[in-house]
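**Q** Return atomic coordinates for the entry below.
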Amino acid sequence: MSATPAVHGSLGRTPLRVGVSARHVHLCRDHVDALFGSGYSLHPKGELSQPGQYAAQECVVVAGPGGAFERVRVLGPVRSATQVEVSASDCRALGVPAVVRDSGDLAGTPGCVLIGPAGSVRLEQGLIVAARHIHMAPIDARLQGLVDRDLVAVMAGEGPRATLFANVLVRVSSDYRLELHLDVDEANAAAVSNGDTVWIVGGALSMPQERVGQVGSAGQEEPALRGQSPSVRRVLDLTSVPLVTEEHVIEAARQGLSVRVRAGALVTPLARDAARERRVELIPE
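**A** Model prediction:
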């Protein structure tokens with residue numbers, strides 16, 4: 001696993017372009033062969049914003065236990081592992097859990113069935129809701145005092161739909177071009193489209209593993225609260241956070257933690273739903 005990301009709170013307003021990612025599929029070599037025929041080569045349809053990446057002419061069906069999407073675009077080039085990227089709304093339509101992950105972090109994620117003109121593939125894992133992230137070239141990162149896997153906050157949209165996105169992951173590579181990637185749900189929430197300008201406005205509102213227990217290490221055990229048995233309880237401490245989101249609850253569930261919430265904090269409806277579904281206890285301060 002990568003090192004714990006840093007959180008920066010002193011960045012100025014930095015403009016960058018937004019790219020909206022519709023549902024799509026990255027395929028490994030074996031799955032290209034299974035879906036389109038042995039030795040098949042993807043046919044580029046158009047270049048994407050990130051150098052060397054392209055939308056292929058080929059599409060597949062993505063099917064889950066609750067439904068299916070036809071003509072889901074394949075992106076190239078071929079990868080080492082197959083990955084299906086959809087929105088949380090898509091997950092509901094497919095009938096699978098919405099698991100937010102960084103690209104390539106596929107262990108324990110839902111699976112699905114891919115259907116192509118030459119055959120089908122059943123994935124045991126690999127379907128994710130991609131964590132929102134910023135692609136940065138090294139020079140862009142240096143100008144902002146950022147490094148790979150830092151977290152920042154981004155303001156997107158204007159007027160009544162203006163949205164502050166917390167915990168936006170920074171990815172730095174010489175292969176990248178400066179751009180924020182959102183999925184369709186996120187873009188619709190802020191009423192932004194491909195090519196719109198958004199702004200890095202500072203450090204993230206919170207970081208899921210920033211403070212756990214009373215001293216800030218993930219998985220810290222703290223004494224049981226009033227009325228509890230003298231055992232210990234593992235707690236994700238979000239008492240410094242004004243807004244508790246679904247992502248916080250999902251991260252706590254992954255670590256087997258309860259969530260401590262500060263008095264007066266806003267807990268989003270999706271966060272409460274996730275807490276009920278994943279049996280994550282929300283503990284008031």
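
**Q** which helices and strands sit right next to the lengthiest strand in the chain?
**A** If you go by DSSP state E, the chain has its longest strand at strand 68-79. Counting contacts by 3 or more CB pairs under 8 Å, 6 or more residues apart in numbering; DSSP states H and E, strand 68-79 is packed against strand 24-28, strand 54-63, helix 88-94. For every residue, glycine as well, the C-beta is placed using N, CA and C.

**Q** who wins for proximity to residue 259 among these?
**A** Ranking those by proximity to residue 259 (CB to CB) places helix 88-94 first, at 19.4 Å.

**Q** hmm, who's touching the closest one?
**A** 23, 62-69, 86, 97-99, 110, 112, 127, 129, 183-185 (CB atoms under 8 Å, 6 or more residues apart in numbering).

**Q** what's the answer for stretch 272-285, then?
**A** Contacts for stretch 272-285 (CB under 8 Å, 6+ apart): 225, 235, 239, 244, 246, 249-250, 252-253, 257-263, 267.

**Q** buried subset of those residues?
**A** Among the contacts of stretch 272-285, those classed as buried by 16 or more other CB atoms under 10 Å are 235, 239, 244, 246, 249-250, 252-253, 257-261, 267.

**Q** Restricted to helices, list the residues you listed.
**A** Per DSSP state H, helices hold the following members of the buried ones among the contacts of stretch 272-285: 246, 249, 250, 252, 253.

**Q** Throw the residues you listed into TSV and include distance to residue 123 and pLDDT, thanks.
**A** Listed next are those as TSV, based on distance: CB to CB, whole Å; pLDDT from 0 to 100:
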residue	distance to residue 123	pLDDT
246	24	83
249	25	88
250	20	86
252	26	85
253	22	84
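
**Q** The residue nearest to the spatial centre of the chain: what's it in contact with?
**A** Geometric centre of the chain, nearest residue: residue 131, 1.4 Å, by CA atoms, centre = their mean. By CB under 8 Å, 6+ apart, the contact set of residue 131 is 100, 101, 102, 169.

**Q** How many residues are close by the closest residue to the last one other than its chain neighbours?
**A** The spatially closest residue to residue 169, leaving aside those adjacent along the chain, is residue 133, at 4.2 Å (CB to CB, 6 or more residues apart in numbering). Number of residues near residue 133 (other CB atoms under 10 Å) recorded here: 19.

**Q** ok, residue 133 - contacts?
**A** 102, 103, 168, 169, 170, 171, 180, 181.

**Q** Narrow these to those in strands?
**A** Using DSSP E, those in strands are 168, 169, 170, 171, 180, 181.

**Q** one step back: would you mind writing the ChimeraX command to select the buried ones in the contacts of residue 133?
**A** Buried subset of these, written as a ChimeraX selection, criterion 16+ other CB under 10 Å:
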select :103,168,169,170,171,180,181
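
**Q** With pLDDT and distance to residue 19 added, can I get the contacts of residue 133 in CSV?
**A** Converted to CSV, the contacts of residue 133 look like this (pLDDT from 0 to 100; distance: CB to CB, whole Å):
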residue, pLDDT, distance to residue 19
102, 93, 17
103, 93, 14
168, 93, 13
169, 93, 15
170, 94, 15
171, 95, 13
180, 97, 7
181, 96, 5
